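S.K.: the following block contains a protein sequence and its predicted model.
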Amino acid sequence: MSFRVVRQSKFRHVFGSNSKREQCYDNIRISKASWDSTFCAVNPKFFAVIVESGGGGAFLVMPHSKTGRVTPDHPLVAGHKGPVLDIAWCNHNDNVIASASEDCTVKVWQIPDAGITRTMTECVVDLVFHQRRVGIVLWHPSAQNILLSAGSDMNVCIWNVGTGECLLNFTLPELVLSGCWNWDGSEVLFTCKDKKIRRVDPRDGTVEEEAVAHEGSKGARAIYLKNGLVFTTGFTKHSERQYSLRAPGHLDDPIVMVELDTSNGVMFPIYDPDTNLVYLCGKGDSVIRYFEITPEPPFVHYINTFQTPDPQRGVGFMPKRGCDVSTCEISRFYRLNNNGFCQVIPFKVPRKSELFQEDLYPDTQADIPALTADEWWTQKKNADPVMMSMADGGGSNSAQEELVVSKATPNILNKAVPTGLASASVASPAAAAAGPSEADMKKLTAMVLDECHRQIQEATGKQQGKIDELNAEIRKLKAMIVKHETRIRTLETKNKEQEKQLISQGIHLNNNGHSGEDLDPDEV
């Protein structure tokens, strides 16, 4: 009779390793804000980190190719009047990033492909509603241009970034500490200062369920897993850190509750939906623990711990599209130390073959939206994120268009790629190889022509306005010149009359208009 003692798993031997110093970032003035945030956001194009800045708030954005020491005068994104508390890259456009600040505003920025060459102060759209500082920004996983923000005024706002309008705002009973969308974006999960976790419908703000997560008063965090379960981290009454796994509908009855240690740093759970791995990164810790979530007991399996000598200030997680499949890299962390050093830590599965490993890389989230903002908000549709294969090395599938905000019509980030056509091409490569139909091409051509016509009209209107302003200025200057000429003629006439009167009285004037009798000898 034979039996297995060791659990079978592809990720049982995952290990993290330190990248060389020249492949990391150094001399970063990391923010000293007391808000519990990761201070870092990463996507396949850029690395962004919140930094200290005099006279307001700023964050640093750098392409992945520009590693090494960051110069003190490096350009920043610096449009906020108060310290920046949170940043988040858009899931469907690698050039768009949102930032939340103590100045009560949320701003959305468009970063050029080559990075920023001078300090950027003009954002694409300014989202103003909150009355106190804003600490959380979250992009919708599958709908285009939908952004969630939560502030210290207990208000939560759902924004349509394409039009710059607040679609919905609702108030929660306490300060929001963290938020997370579920897999299809039909629910949002919040943890609040009153120790409770709440499931909320983002379209009307109704609380569907609430329960006490952890008994400790320190910050708790909660995330949705791909299968619908909820993973939380928090503290016990005695300030011991713990994690739990819960099922929606029974949030007050955890499936698993495990105590970890007695450290006092808030733990940030980071989830990889492709591999079902959860990484726990504590603020002030020098370790990253990682676990695998499985359907069989004990459900949460400890795998290993990555250890470093320095405590961490913040951490960023690279989406799967940015990982290197040739080295079997399944995740990559950007770990911020207190001394300004950003350590790049790839996590890999040891494999001898250099071929693409299909079992390690299931289809992952693509940078193509499954729904438009109007479909999600008005038609109340829900959809899972569009998936893409990692066989070609990941990266970006769609051409990144500029984010254009219009009050009249919603914005579409990728105008050149209709959503249905793009998702079909990602889902079935064979259908994509056949190319778009003639009707699609006509529709696409009409869209491009309409957009060109609109942009030409806007440019012509702006130029005409400038010309009218210049003509008005010229008319004002002409009127002023005529007025001065009239005044000069009047003064000259009066002067000639005075000269005639003086000559008739026998007083002779010199060239300067003074009488010769009144001058001193040395003034002649």
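M.R.: Thanks, I have the structure now.

S.K.: where's residue 261 relative to residue 267, distance?
M.R.: From residue 261 over to residue 267 the distance is 10 Å, taken as CB to CB, to the nearest Å. Backbone N, C-alpha and C define where each C-beta goes, glycine included.

S.K.: swap in residue 50?
M.R.: 20 Å.

S.K.: identify the contacts common to residue 261 and residue 267.
M.R.: Common contacts of residue 261 and residue 267 (CB atoms under 8 Å, 6 or more residues apart in numbering): residue 241.

S.K.: who has more neighbours, those two?
M.R.: residue 267 (24 against 14; other CB atoms under 10 Å).

S.K.: right, and the more buried one touches residue 284 too?
M.R.: No: Residue 267 is beyond contact range of residue 284, at 10.4 Å (criterion: CB atoms under 8 Å).

S.K.: quick one, phi psi at residue 109?
M.R.: phi -120, psi 150 (degrees, to the nearest 10).

S.K.: pretty sure it is touching residue 96, no?
M.R.: Yes: Residue 109 lies in contact with residue 96 (CB under 8 Å); the separation is 7.1 Å.

S.K.: the two: who's more crowded?
M.R.: Neighbour count, other CB under 10 Å: between residue 109 and residue 96, residue 96 has more, with 26 against 22.

S.K.: tell me the bridge partners for that one.
M.R.: residue 110 (DSSP bridges).

S.K.: measure it to residue 90 for me?
M.R.: 4 Å.

S.K.: likewise for residue 20?
M.R.: Counting by CB to CB, the gap from residue 20 to residue 90 is 31 Å.

S.K.: what about these two, which has more around it?
M.R.: More crowded of residue 20 and residue 90, by other CB under 10 Å: residue 90, with 24 against 8.

S.K.: scan the protein for its longest helix.
M.R.: Counting by DSSP state H, the longest helix found in the chain is helix 438-504.

S.K.: quick one: mean pLDDT for that helix?
M.R.: Taken as a whole, helix 438-504 has a mean pLDDT of 85.

S.K.: residue 310: neighbour count?
M.R.: Neighbour number of residue 310 under other CB under 10 Å is 13.

S.K.: where in the stretch 251-400 of the chain is pLDDT low?
M.R.: 393-400 (pLDDT under 70).

S.K.: so where do the strands sit in it?
M.R.: 256-259, 267-272, 277-282, 287-293, 300-307, 312-317, 329-337, 342-348, 364-365, 387-388 (DSSP state E, counting those that start in this stretch).

S.K.: from the chain's centroid, how far away is the second one?
M.R.: In terms of CA atoms, centre = their mean, to the nearest Å, the centre of strand 267-272 is found 18 Å from the chain centre.

S.K.: what's the angle between it and strand 277-282?
M.R.: Computed with axes from the mean of the first three to the mean of the last three CA atoms, to 10 degrees, the direction of strand 267-272 lies at 160 degrees from that of strand 277-282.

S.K.: run through who's touching strand 267-272.
M.R.: Against strand 267-272 from outside (CB under 8 Å, 6+ apart): 38, 221-223, 225, 231-233, 241, 243, 260, 277-283, 315, 317, 320, 330-331.

S.K.: swap in the fifth one?
M.R.: Residues from elsewhere that reach strand 300-307, judged by CB under 8 Å, 6+ apart: 7, 9, 11-12, 14-16, 231, 243, 245, 256, 258, 277-278, 286-294, 345, 347.

S.K.: can you rerun that using 10 Å?
M.R.: Outside strand 300-307, the residues within contact range by CB atoms under 10 Å, 6 or more residues apart in numbering are 7, 9, 11-18, 231, 243-245, 255-258, 260, 276-281, 285-294, 333, 335, 345, 347.

S.K.: partner strands of it, with direction?
M.R.: strand 287-293 (antiparallel).

S.K.: how far off strand 312-317 does the strand it pairs with point, in degrees?
M.R.: 40 degrees.

S.K.: and strand 287-293, which residues are buried?
M.R.: For strand 287-293, the neighbour count (16 or more other CB atoms under 10 Å) marks 288, 289, 290, 291, 292, 293 as buried.

S.K.: ok and it relative to strand 342-348, angle-wise?
M.R.: 30 degrees.

S.K.: burial count for the nearest residue to residue 112 once chain neighbours are set aside?
M.R.: In this structure, residue 112 finds its nearest non-sequential neighbour in residue 95, 7.3 Å apart by CB to CB, 6 or more residues apart in numbering. Neighbourhood size, residue 95 [other CB under 10 Å]: 20.

S.K.: my guess is residue 95 contacts residue 48. True?
M.R.: No: applying CB atoms under 10 Å as the test, residue 95 and residue 48 come out as separate, 11.6 Å apart.

S.K.: what residues are shared contacts of these two?
M.R.: In contact with both residue 95 and residue 48: 89, 109, 111, using CB under 10 Å, 6+ apart.

S.K.: residue contacts, residue 316?
M.R.: Contacts of residue 316 by CB under 10 Å, 6+ apart are 38-43, 47-49, 87, 89, 270, 281, 332-336, 342, 344.

S.K.: ranges for the helices of this structure?
M.R.: Counting by DSSP H, the helices of the chain are 373-377, 419-427, 429-433, 438-504.

S.K.: could you dump those helices to a markdown table with distance to residue 168 and mean neighbour count?
M.R.: As requested, those are arranged in a markdown table below (distance: least, CB to CB, whole Å; neighbours: other CB atoms under 10 Å):
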| stretch | distance to residue 168 | mean neighbour count |
| --- | --- | --- |
| helix 373-377 | 8 | 21 |
| helix 419-427 | 23 | 18 |
| helix 429-433 | 36 | 10 |
| helix 438-504 | 29 | 11 |
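
S.K.: could those go into CSV alongside distance to residue 302?
M.R.: Putting those into CSV (distance: least, CB to CB, whole Å) gives the following:
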stretch, distance to residue 302
helix 373-377, 38
helix 419-427, 35
helix 429-433, 38
helix 438-504, 50
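
S.K.: any idea which of the ones you listed gets closest to residue 210?
M.R.: With CB to CB as the measure, helix 373-377 is the member of the helices of the chain nearest residue 210 (24.3 Å).

S.K.: elements contacting the longest helix of the chain?
M.R.: Secondary-structure packing of helix 438-504 (3 or more CB pairs under 10 Å, 6 or more residues apart in numbering; DSSP states H and E): helix 419-427.

S.K.: do that again at 6 Å, thanks
M.R.: Helices and strands touching helix 438-504, as assessed by 3 or more CB pairs under 6 Å, 6 or more residues apart in numbering; DSSP states H and E, are absent.
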